[in-house]
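K.L.:
sequence and computational prediction follow.
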Amino acid sequence: MSNNGRGAPSGAPFLVLVWAGLAGAAGVGLAAAAAHKVDSPALGSAAVMLTLHAAAAVGIIAIALRAVWRGMWSAVALLMLLGASIFSGVIAYRAFLDDASFQGMAPVGGTLMIVSWLIIACLGIAEALAKR
């Protein structure tokens with residue numbers, strides 16, 4: 001993870017922040033669609049999951065910039081965004097197109113989100129032990 005001398009992260013942290021920004025915007029868009037356009041409680045859940053995990057990824061990158069295990073923190077943020085994007089994307093696809101073709105991928109996305117949170121717990125322990 002490098003810094004260009006102006007305080008802005010480059011490489012993986014920058015890409016995570018771009019993805020998180022796009023995911024957060026998409027989550028708000030899905031929430032608006034769920035509230036005004038598409039009568040689907042699942043779409044509202046997808047919006048919440050996407051927005052929540054986008055915000056979490058931004059926080060993870062803030063930690064990564066000061067952490068011992070920087071690369072791992074960036075990787076878990078990417079994993080989290082991947083999971084949230086798959087989960088929410090599959091639900092949105094079904095809600096908008098009434099097509100369940102990819103429905104089996106939603107649990108994959110959900111599992112990736114769960115695993116990413118468990119990795120965060122492990123990294124928290126690793127950081128505490130490394131800074132002793």
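P.N.:
Sure thing, it's come through.
K.L.:
what residues are up against the closest residue to residue 45 other than its chain neighbours?
P.N.:
Nearest residue to residue 45, sequence neighbours excluded (Cβ to Cβ, 6 or more residues apart in numbering): residue 91, at 7.0 Å. Yep, even glycine has a C-beta here, placed from its N, CA and C like the rest. For residue 91, the contacting residues are 42-43, 45-46, 106, by Cβ atoms under 8 Å, 6 or more residues apart in numbering.
K.L.:
which among those end up buried?
P.N.:
Neighbour counting by 16 or more other Cβ atoms under 10 Å classes 42-43, 46, 106 among the contacts of residue 91 as buried.
K.L.:
isn't residue 56 right next to residue 83, touching?
P.N.:
No: the pair residue 56 / residue 83 is not scored as a contact, 11.0 Å apart, by Cβ atoms under 8 Å.
K.L.:
hmm, back to that, kindly reformat the buried ones among the contacts of residue 91 as JSON lines containing distance to residue 21 and secondary structure.
P.N.:
Output for the buried ones among the contacts of residue 91, formatted as JSON lines (distance: Cβ to Cβ, whole Å; DSSP: H, G, I helix; E, B strand; the rest coil):
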{"residue": "42", "distance to residue 21": "24", "secondary structure": "helix"}
{"residue": "43", "distance to residue 21": "21", "secondary structure": "helix"}
{"residue": "46", "distance to residue 21": "18", "secondary structure": "helix"}
{"residue": "106", "distance to residue 21": "23", "secondary structure": "helix"}
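K.L.:
just to revisit the earlier point, next, the residue nearest to residue 45: phi, psi?
P.N.:
Recorded main-chain torsions at residue 91 are phi -70, psi -40, according to degrees, to the nearest 10.
K.L.:
again with residue 67
P.N.:
The phi/psi pair for residue 67 (degrees, to the nearest 10) reads phi -100, psi 160.
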